[in-house]
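**Q** the sequence and its predicted three-dimensional model are supplied below.
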Amino acid sequence: MRIIKKKPPRKFKPSKNITIKDCAKIYLNSNEQVTFLTKKKQEYDVCKKTWGFYATPSVNGRLKSYNFKTSIVKNINTKKIYVFILEKGKEKQFYKYLKEENCKVIKWLSK
């Protein structure tokens, strides 16, 4: 694994209300994993395989056990489709974001 920090982080605006800071690039070899943590110690993993990536832990297993809900979301303007991982208890912020960005949930993959 190799981590390249961006100093200063690259900033960009994917929409008028949001600024993203692109902080680093992580290069993984096959069968290497990176775990991201929330302040509450909830975990989200990405694992590199020879054929691509496990982009998310099991939706009905590890994500559920860490109080995440998974959905397929479509941006109505751009027609792009995304996988969103919702932290339970943050539903109000999630639905506000969907409204502001003109997105809708196509399907919940977990309950």
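**A** Received, thanks.

**Q** against residue 36, how distant is residue 2?
**A** Going from residue 2 to residue 36 by C-beta to C-beta, to the nearest Å gives 17 Å. In short, each C-beta sits where N, CA and C put it, glycine included.

**Q** scratch that, residue 73
**A** Counting by C-beta to C-beta, the gap from residue 73 to residue 36 is 19 Å.

**Q** the more surrounded of the two?
**A** Neighbours per residue, other C-beta atoms under 10 Å: of residue 73 and residue 36, the larger number sits with residue 73, 19 against 9.

**Q** what is the mean pLDDT for the helix or strand harbouring the more buried one?
**A** Element membership of residue 73 [criterion: DSSP states H and E] is strand 68-75. Mean pLDDT, strand 68-75: 96.

**Q** strand partners of it, parallel vs antiparallel please.
**A** Counting by DSSP bridges, the strands paired with strand 68-75 are strand 81-87 (antiparallel), strand 103-108 (antiparallel).

**Q** would you map the helices across the protein?
**A** Using DSSP state H, the helices found in the chain span residues 62-65, 91-100.

**Q** and these, which is most packed in?
**A** helix 62-65 (a mean of 16; mean count of other C-beta atoms under 10 Å).
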